[in-house]
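Engineer: sharing a sequence plus its predicted fold:
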Amino acid sequence: MKKQKIMALMMMLSVGLMLTACGTKESTDAPQTQEETTAETETAAPETEEEETEETEITEEETTADETEVAAAPEIIQFTVDVTDNFAADGGRIIGNTSSEQSYSGIVELNVDDTLRQKAADEIEVGKTYVFTVEPMMTMSIPPQVLATDFVPATEEDIQQLEEVREKISNFKDCMESYQSMSLEEIIQDANFNYALWTQEEIAEFLTFIEEKGYSDDSDITCFVKQRADLNGSVPGDA
């Protein structure tokens, strides 16, 4: 009996040792696994943030560069001009009438540089209409002057658009009201500068009006108001 008790006691001690060993292994392994997982998470997070920051900075730089390139693009300015005088061969000047809703309307003097002068002298005809590409700067003189960098003959659509602009901006009615109480000489002096804003129909009406007032080619004062095809000179060109 005593031997059986000793054997039973030894078995109980063996089981206790086994349970204690397993508990020690589990309690030892668990913290190690948690620390490794936490370390991996903390290491991965900063790398992801840096990558996102770099990508964001590159995108912003590319966007800024694109916007700068667009803003730096030069503006193209064009005038559609009924030519009254061609002095390109002698002084590099072209004079004509233009109208625009957004920019200048009236008599304009276009200065052509040396590279364009011979072409302008050979190809531009008085009484015809051309589309001039010009620099954005214009003088405050009368008439204003602008540098022309290129030109092409106006199309029928260009001329139609020019007439449509003049229908909107014309001061013909106001001028005609004033002319009722003015002398013929005063009328012509005023019209020689204002007719650049008038439509072809309004110019035809004005010519009939001054003929009824007694104007003729033999009059002491020259009337430069003509319809497009009959243009031949201007006050600035005659001076």
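Structural biologist: Perfect, I can see it now. Numbers count the residues shown, from 1 in each chain.
Engineer: the nearest residue to G106 once chain neighbours are set aside: neighbour count?
Structural biologist: Leaving aside its sequence neighbours, G106 sits nearest to A196 (Cβ to Cβ, 6 or more residues apart in numbering; 4.8 Å). C-betas here are computed from N, CA, C, even on glycine. Around A196 there are 21 other residues, counting by other Cβ atoms under 10 Å.
Engineer: check A196 and give its pLDDT.
Structural biologist: Note on A196: pLDDT of 97.
Engineer: how much space separates it from D218?
Structural biologist: 25 Å (Cβ to Cβ, to the nearest Å).
Engineer: now do the SS call for the nearest residue to E101 once chain neighbours are set aside.
Structural biologist: Spatially, and ignoring its direct neighbours in sequence, E101 is nearest to V165 (5.6 Å; Cβ to Cβ, 6+ apart). Per DSSP: H, G, I helix; E, B strand; the rest coil, the secondary structure class of V165 is helix.
Engineer: how much space between V165 and S99?
Structural biologist: 5 Å.
Engineer: joint contacts of the two?
Structural biologist: S105 (Cβ atoms under 8 Å, 6 or more residues apart in numbering).
Engineer: neighbour-wise, which of these two wins?
Structural biologist: S99 (27 against 19).
Engineer: ok, now which ones touch the residue nearest to the more buried one when sequence neighbours are not counted?
Structural biologist: Distance criterion Cβ to Cβ, 6+ apart; nearest residue to S99, sequence neighbours excluded, is S105 at 4.3 Å. S105 is in contact with T98, S99, V165, I169, A196, L197, counting by Cβ under 8 Å, 6+ apart.
Engineer: got a pLDDT number for S105?
Structural biologist: At S105, pLDDT is 96.
Engineer: go on, D158?
Structural biologist: 98.
Engineer: using the three-state scheme, assign it.
Structural biologist: helix.
Engineer: wouldn't it be in contact with T129 here?
Structural biologist: Yes - here D158 lies in contact with T129, judged by Cβ atoms under 8 Å, at a distance of 7.0 Å.
Engineer: what do the two both touch?
Structural biologist: Joint contacts of D158 and T129 (Cβ under 8 Å, 6+ apart) are T80.
Engineer: more neighbours: which of the two?
Structural biologist: Using other Cβ under 10 Å as the criterion, D158 and T129 rank with T129 on top: 21 against 16.
Engineer: and that one, its phi and psi?
Structural biologist: phi -120, psi 140 (degrees, to the nearest 10).
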